[in-house]
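Chemist: No letters, just coordinates:
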Ligand SMILES: NC(=O)C1=CN([C@@H]2O[C@H](COP(=O)(O)OP(=O)(O)OC[C@H]3O[C@@H](n4cnc5c(N)ncnc54)[C@H](O)[C@@H]3O)[C@@H](O)[C@H]2O)C=CC1
Ligand SMILES: O=C(OP(=O)(O)O)[C@H](O)COP(=O)(O)O
């Protein structure tokens with residue numbers, strides 16, 4: 001059983017902890033937090049041992065028991081997932097090295113924070129046995145999952161993506177825009193293209209970013225010039241076979257992120273989380289060697305299964321990306337509750353043997 005510590009219990013951290021909890025080969029060693037807010041009470045409620053990142057006094061005053069400091073958590077963990085805000089992960093890196101504890105960082109950190117930038121579908125093997133890995137950002141994760149099968153099956157000559165990004169997460173009351181559409185970043189390419197190249201170093205990709213007043217999901221407008229000329233049906237079939245891509249059937253009548261989130265809440269997903277890339281099946285169009293499509297990415301959720309796979313890769317629990325992905329997906333419920341492109345229930349494969 002792998003003991004996984006989570007340092008930073010916010011949007012990503014609490015989801016990673018809950019995902020660790022349901023894995024058959026992992027357990028939550030504890031979670032580190034700075035302050036005894038509502039998320040600390042949820043951690044307590046779930047039975048996660050709380051560790052103080054900045055001193056135990058505030059927790060004592062709030063009558064919340066702590067099991068120790070963040071140093072104790074790191075020492076007791078086989079792997080730590082650092083889910084602190086951008087920049088804090090890099091500041092924490094020496095702590096993990098000091099305790100000789102393998103660590104996973106998030107996409108808000110620069111790539112040089114870790115030995116390898118990680119996406120389970122694209123480069124799991126590179127992280128096997130590494131001391132540190134960085135799970136790339138939600139947007140980069142969404143693009144890597146899509147580009148990996150396209151690259152393998154058809155070759156990619158050039159990718160062009162416009163990312164219409166959510167302005168804030170639902171709990172981020174201080175962010176915006178609330179009444180505007182921003183080119184963000186204004187510079188081209190946006191940071192997403194170079195970040196995708198940390199996964200596919202030779203890929204030709206240009207990205208442009210925007211921010212809009214929604215908290216629901218990011219939306220990508222994708223154009224990929226392939227090296228060969230598949231039909232629309234062939235690309236649709238290729239993408240349907242990917243476990244972390246969900247092709248939204250026309251029959252569902254889902255016209256945007258609002259209905260998508262409603263669908264996953266109705267399907268019983270925790271927090272309405274959408275772990276899969278959601279590609280509008282009707283948008284998949286091949287003209288000559290040019291592929292076009294729209295996909296929605298749930299920024300709070302898509303990196304969660306990737307963090308679980310990164311834990312297995314670092315701890316050398318399995319050298320096989322396919323096995324880890326299958327095990328993660330089954331335990332978490334990726335694909336569960338959603339229908340296939342043809343309207344039938346999604347397959348959820350049975351456990352892979354280690
Ligand atoms: N929210 C999102 O849409 C996504 C975020 N990420 C990345 O994940 C990382 C975490 O982001 P979020 O979960 O959104 O942030 P968050 O702000 O929701 O959560 C971070 C948590 O860490 C706590 N914290 C702050 N300093 C700390 C310290 N020194 N020690 C321990 N805990 C500390 C905060 O109080 C908060 O509870 C960032 O690198 C971000 O770029 C990646 C994909 C999507
Ligand atoms: O990593 C993310 O987005 P990004 O890939 O657009 O930088 C997450 O959605 C967090 O983005 P934020 O920095 O706008 O909170």
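Modeler: It's in. As the structure is a prediction and not an experimental result, all values here were calculated from the model. Residues are numbered from 1 along each chain as shown. Ligands and ions are numbered 1, 2, ... in the order given.

Chemist: And the average pLDDT for the helix ranked longest in the chain is what?
Modeler: The helix spanning the most residues in the chain, taking DSSP state H as the definition, is helix 138-154. Mean per-residue pLDDT for helix 138-154: 98.

Chemist: Is ligand 2 within reach of it?
Modeler: Yes. For helix 138-154, a contact with ligand 2 is found by C-beta under 6 Å from any ligand atom, at 138-140. Backbone N, C-alpha and C define where each C-beta goes, glycine included.

Chemist: Please see if that helix touches ligand 1.
Modeler: Yes. Interface with ligand 1: helix 138-154 contributes residue 138 (C-beta under 6 Å from any ligand atom).

Chemist: For that helix, list every residue counted as buried.
Modeler: 138-151, 154 (16 or more other C-beta atoms under 10 Å).

Chemist: Could you check which residue of the stretch 101-250 of the chain lies nearest ligand 1?
Modeler: residue 108 (2.4 Å; C-beta to the nearest ligand atom).

Chemist: Close to ligand 2: what parts of this protein are there?
Modeler: 107, 137-140, 165, 192, 299.

Chemist: wait, isn't residue 101 in contact with residue 80?
Modeler: Yes. Contact status for residue 101 versus residue 80: in contact at 5.5 Å, counting by C-beta atoms under 8 Å.

Chemist: more neighbours, the two?
Modeler: Comparing residue 101 with residue 80 by neighbour count (other C-beta atoms under 10 Å), the higher total belongs to residue 80, at 30 against 19.

Chemist: A helix includes the more buried one, no?
Modeler: No. Read with DSSP: H, G, I helix; E, B strand; the rest coil, residue 80 is strand and lies in no helix.

Chemist: hey, what's it bridged with?
Modeler: Residue 80 has these beta-bridge partners by DSSP bridges: residue 5, residue 103.

Chemist: One more: residue 226?
Modeler: With DSSP bridges as the rule, residue 226 is bridged to residue 156.

Chemist: Please apply the same query to residue 33.
Modeler: Applying DSSP bridges, one finds that residue 33 bridges with residue 52.

Chemist: Where does the record place the domain boundaries for the protein?
Modeler: Per the record, the chain has its domains at 2-136+303-331, 138-302, by automatic domain parsing.

Chemist: Deepest in the core, which of the ones you listed is it.
Modeler: Highest mean neighbour count of those: domain 2-136+303-331, a mean of 21 (counted as mean count of other C-beta atoms under 10 Å).

Chemist: follow-up on the earlier one: confidence score at the residue of the stretch 101-250 of the chain closest to ligand 1?
Modeler: For residue 108, the pLDDT comes out at 98.
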